[in-house]
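> Model the following, please.
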Amino acid sequence: MFVTKAGRLGWRHASARRASAYWVALLIVFGMGAVVVCFDASCGPALFDQALLALAQHWRSPHLDQFFSIITWGGSLKVLVPVALGLMVLIAARQGHRDALFLGAALAGASILCHGAKLLVLRPRPELFEAVTAMPADFAFPSAHTAQVAALALAACMVAQRASASKFMLLCSVSAVAVMLIALSRIYLQVHYPTDVLAGAVMSVLWVLGLQSWMMQQTPNAQSTMNGR
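Predicted coordinates for the structure are as follows:
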């Protein structure tokens, strides 16, 4: 199918509108989340936060302390940046530079957004129970560990989907488990409120969906060519 220049331009405008919609939704989620978690001047825990942190404290054990203290590093940039760079090199060689740049932008954007959001909300870290690990020095809302690993995992799944259905299913299954465990680790270790973790996950997903709409959409002509292979 032949697509005119005007058709390609309209397709790009539609992709830009979808990206804008996702990013506006991100801002709304952030704004509403900031209001919910900082309903008073102290930005203290909601009942939901208190209940889940108390449950995490109840289930503490030496084995779980050690497990989650290790697994939580999977959301750190010290781990994610080398992983992302390795994946970008592999993806660039097999699928092209656009897919590789998308992966890097997904992680970098999620990290910048969350660390910037922390400075706007200024929510203190939890103090209901003693932290299992060293308390990070920055603010709590939203959880950057959760946002970073969720963004990289989702972007990797999107790239894998373009390459192979079998790789997509395997990668997404492993990624979903990893993201869930890292998110839980932030609550178990008492370094984040559950609302911090939830906000980080939702914001990162909206960021990556918007980025995918902006960077990765094929024109109708390109899609027809791919489908005809």
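
> so where's this protein uncertain?
When residues are selected by pLDDT under 70, those of the chain lie in 1-11, 165, 217-229.

> switch the cut-off to 90
Along the chain, the parts satisfying pLDDT under 90 run over 1-17, 38-46, 94-96, 160-171, 214-229.

> Okay, helices next: where are they in it?
When assigned using DSSP state H, the helices of the chain occupy the ranges 5-37, 47-58, 62-71, 77-94, 97-121, 144-163, 165-188, 194-215, 220-227.

> Need the residues that contact the third one.
In other words, helix 62-71. V132, T133, L181, I182, L184, S185, Y188, L189 (CB atoms under 8 Å, 6 or more residues apart in numbering). In this view, the C-beta of every residue, glycine as well, is placed from N, C-alpha and C.

> among the helices of the chain, which is nearest A137?
Minimum separation from A137 across the helices of the chain (CB to CB) falls at helix 97-121, 11.0 Å.

> name the helices or strands packed onto that closest one?
On a contact count with 3 or more CB pairs under 8 Å, 6 or more residues apart in numbering; DSSP states H and E, helix 97-121 meets helix 5-37, helix 77-94, helix 144-163, helix 194-215.

> most packed of those?
With neighbours taken as mean count of other CB atoms under 10 Å, the helices and strands packed on helix 97-121 reach their highest mean count in helix 144-163, at a mean of 25.

> Can I get that one as CSV, trimmed to CA atoms?
Extracted as CSV, the C-alpha positions of helix 144-163 are listed here (Å, rounded to 0.1, in the frame of the first residue of the first chain):
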residue,chain,number,x,y,z
ALA,A,144,12.9,5.5,41.7
HIS,A,145,14.0,1.9,42.0
THR,A,146,10.6,0.7,41.1
ALA,A,147,10.2,3.2,38.2
GLN,A,148,13.6,2.5,36.8
VAL,A,149,13.3,-1.3,36.7
ALA,A,150,9.7,-1.1,35.4
ALA,A,151,10.6,1.3,32.6
LEU,A,152,13.6,-0.8,31.4
ALA,A,153,11.5,-4.0,31.7
LEU,A,154,8.6,-2.6,29.7
ALA,A,155,10.8,-1.1,27.0
ALA,A,156,12.7,-4.4,26.7
CYS,A,157,9.4,-6.3,26.3
MET,A,158,8.3,-3.8,23.6
VAL,A,159,11.6,-4.3,21.7
ALA,A,160,11.4,-8.0,22.0
GLN,A,161,7.8,-8.1,20.7
ARG,A,162,9.1,-6.5,17.5
ALA,A,163,11.7,-9.2,17.1
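
> and the angle from that helix to helix 77-94?
10 degrees (axes from the mean of the first three to the mean of the last three CA atoms, to 10 degrees).

> returning to that earlier point: and the contacts of helix 62-71, which is closest to A155?
For the contacts of helix 62-71, the nearest to A155 is I182 (15.7 Å; CB to CB).

> Okay, the closest residue to that closest one other than its chain neighbours and R60: tell me how far apart.
Leaving aside its chain neighbours, I182 sits nearest to G75 (4.4 Å; criterion: CB to CB, 6 or more residues apart in numbering). Using CB to CB, to the nearest Å, we find G75 at a distance of 20 Å from R60.

> Looking only at neighbour counts, state which of the two leads.
Set G75 next to R60 and count neighbours by other CB atoms under 10 Å: G75 wins out with 26 against 16.
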